[in-house]
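Here is my input, please return the structure:
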Amino acid sequence: MNRIAAAPPAYEDIVPYYAELCALSELRKKPGFGVPLNSGMGGHLLLYLNGVRVDRSSGYPVIEVVPPGADSGRHGVAISANSHYRNANWVAIEDRDFIFRGALAPGEALTREVYERTQASARERGLLDGIVFHEHFFRDKPPGMSVEDFKYEISVATDYGSTFGRNCYRARVPLDTPRMERLVAFLNELNEPYRTGKRIYHWRIFNDNCVHMAHNALAAAGFWAPWPTGQLPVLAAFRFPVPKNALVDLALRANDQPIENAEALFANAEARRTLVETGGLPTGPAALTSAVSAVAANDIYDVRRLRLIFYDNPFWGRYRGWFKRILSEPRYTDLKANLRHFAQRYQLAARDMPGPAGWARGERAQFRDAYAQYIADEAAKVAEWQASLDAGRLDGRALLARSVA
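This next block holds a predicted model:
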């Protein structure tokens, strides 16, 4: 009897729910085909959510969490906030492969035929159904091109097929179901006033850009404080979020809080509140960073030396050093190395667990109980994931690669 071999596991088999910031480089389209498009070197940001799907039954994108056990790890959407939209802060694009590679087959060059095939597929999927663009964008619409075709034309390589013309850097963080539900609820509420016509969306680089949306969605899941929108431009210009900074911020937040040091966590008011109220912390295992280059064999886009800048001091700013470390140290990029790293940290935390002295009453006692439970739960989770990896006989990079388009 012939036996059908089981498919090797993917990251989603171990972590079905996760959020991923995807920082996209600048975009430069070659002349002579379609609408000419070039973007700034600040790039664009997608928020990819695994374990989430889109409900388009109302004629407008609404997202929902796939129930646990319902093949949740095989669903995912990218959330994109774009200056094009009049009646939405964001749109949702399904299918991880299509989000990043459009209709491009493995090993295939990006030709005009693939480009047109991708846009035809996007229209068939109804990715922009119910989304109204600001009128001024249609000033550049070529004669004879329909409004709908133009909408999909200026969205490709940004909202979908993103690596057609852009490099992509990703920082992913696992989520449990309650945190993903809070994140999804925030995003649906964010779109609601634009959906109902109560407000018109106006993208603003300093006050309401693609990173504000993603940062504040993660804030709803407990990762950090919200980034305010609506500030005076003269004030917001001194500090505003950009894609590459956001990627580094999330990778560090998810990996580098002092989880083995109870006293340091208690002294941090935000960490203390988060742990007591939610039972968890933003730092934890399986938060990984990866990078994917734009399609090299490319008839449509110029993909040489694509820039993606930091908003940082060019002389003594810290982001460049952090970024280099994140991409070079295996604990940030390899799942097995990451799990070993966190297993050791939880062992240290258990060894140095605070005793009753000084932690017996009031807020300190409450924190200690939450901390002890948190360390025990996280250590057990890491052991379970390590066993799953060992059973699959795959290294951590290979496991991650199976889920990276």
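
so Phe150 touches His84, yeah?
No - the pair Phe150 / His84 is not scored as a contact, 10.3 Å apart, by C-beta atoms under 8 Å. (Glycine included, C-beta is placed from N, CA and C.)

need the contact list for the residue lying closest to Tyr17 once chain neighbours are set aside.
What sits nearest to Tyr17 in space, not counting adjacent residues and going by C-beta to C-beta, 6 or more residues apart in numbering, is Gly51, at 3.8 Å. Shown in contact with Gly51 (C-beta atoms under 8 Å, 6 or more residues apart in numbering): 16-18, 65-66, 72-73, 75-76, 175, 180.

I'd like the list of the residues you listed that fall within helices, please.
Met180 (DSSP state H).

And the furthest pair within the contacts of Gly51?
Using C-beta to C-beta, those reach their maximum pairwise distance at His75 and Leu175, which is 13.8 Å.

out of the two, which sits in the busier spot?
Between His75 and Leu175, Leu175 has the larger neighbour count (other C-beta atoms under 10 Å), namely 27 against 21.

Next one: the more buried one, what pLDDT does it get?
pLDDT, Leu175: 94.

Please apply the same query to Ala6.
42.

for Gln344, same thing?
For Gln344, the predicted pLDDT is 97.

element containing it?
Assigned by DSSP states H and E, Gln344 falls within helix 335-351.

list the helices and strands that helix packs on?
Contact here means 3 or more C-beta pairs under 8 Å, 6 or more residues apart in numbering; DSSP states H and E; on that basis helix 335-351 packs against helix 330-333, helix 362-392, helix 396-401.

could you dump these to CSV with distance to Pro241 and mean neighbour count?
Converted to CSV, these look like this (distance: least, C-beta to C-beta, whole Å; neighbours: other C-beta atoms under 10 Å):
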stretch, distance to Pro241, mean neighbour count
helix 330-333, 21, 18
helix 362-392, 29, 16
helix 396-401, 26, 19
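
For Ala157, find the nearest of the ones you listed.
helix 396-401 (22.5 Å).

show me the contacts for Asp369.
Going by C-beta under 8 Å, 6+ apart, Asp369 touches no other residue.

ok, which stretches of the stretch 1-150 of the chain are strands?
Listed in chain order, the strands of the stretch 1-150 of the chain (DSSP state E, counting those that start in this stretch) span 18-24, 44-50, 52-55, 62-65, 76-81, 90-94.

want to throw those strands into a markdown table with distance to Thr163?
Formatted as a markdown table, the strands of the stretch 1-150 of the chain follow (distance: least, C-beta to C-beta, whole Å):
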| stretch | distance to Thr163 |
| --- | --- |
| strand 18-24 | 8 |
| strand 44-50 | 11 |
| strand 52-55 | 21 |
| strand 62-65 | 23 |
| strand 76-81 | 12 |
| strand 90-94 | 13 |
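
show me where pLDDT drops low in the stretch 151-300 of the chain?
232, 234-238 (pLDDT under 70).

just the helices in it please.
Counting by DSSP state H, counting those that start in this stretch, the stretch 151-300 of the chain has these helices, from start to end: 177-195, 210-220, 233-236, 243-255, 262-267, 269-278.

circling back: any chance of a markdown table for the helices and strands packed on helix 335-351, columns mean pLDDT and distance to Tyr60?
Formatted as a markdown table, these follow (pLDDT from 0 to 100; distance: least, C-beta to C-beta, whole Å):
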| stretch | mean pLDDT | distance to Tyr60 |
| --- | --- | --- |
| helix 330-333 | 96 | 38 |
| helix 362-392 | 91 | 37 |
| helix 396-401 | 49 | 34 |
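
okay, the ones you listed in JSON lines with distance to Arg139 next?
Shown next, in JSON lines, are those (distance: least, C-beta to C-beta, whole Å):
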{"stretch": "helix 330-333", "distance to Arg139": "44"}
{"stretch": "helix 362-392", "distance to Arg139": "52"}
{"stretch": "helix 396-401", "distance to Arg139": "43"}
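
quick one, which of those is nearest to Leu187?
Closest of those to Leu187 is helix 396-401, at 25.3 Å (criterion: C-beta to C-beta).
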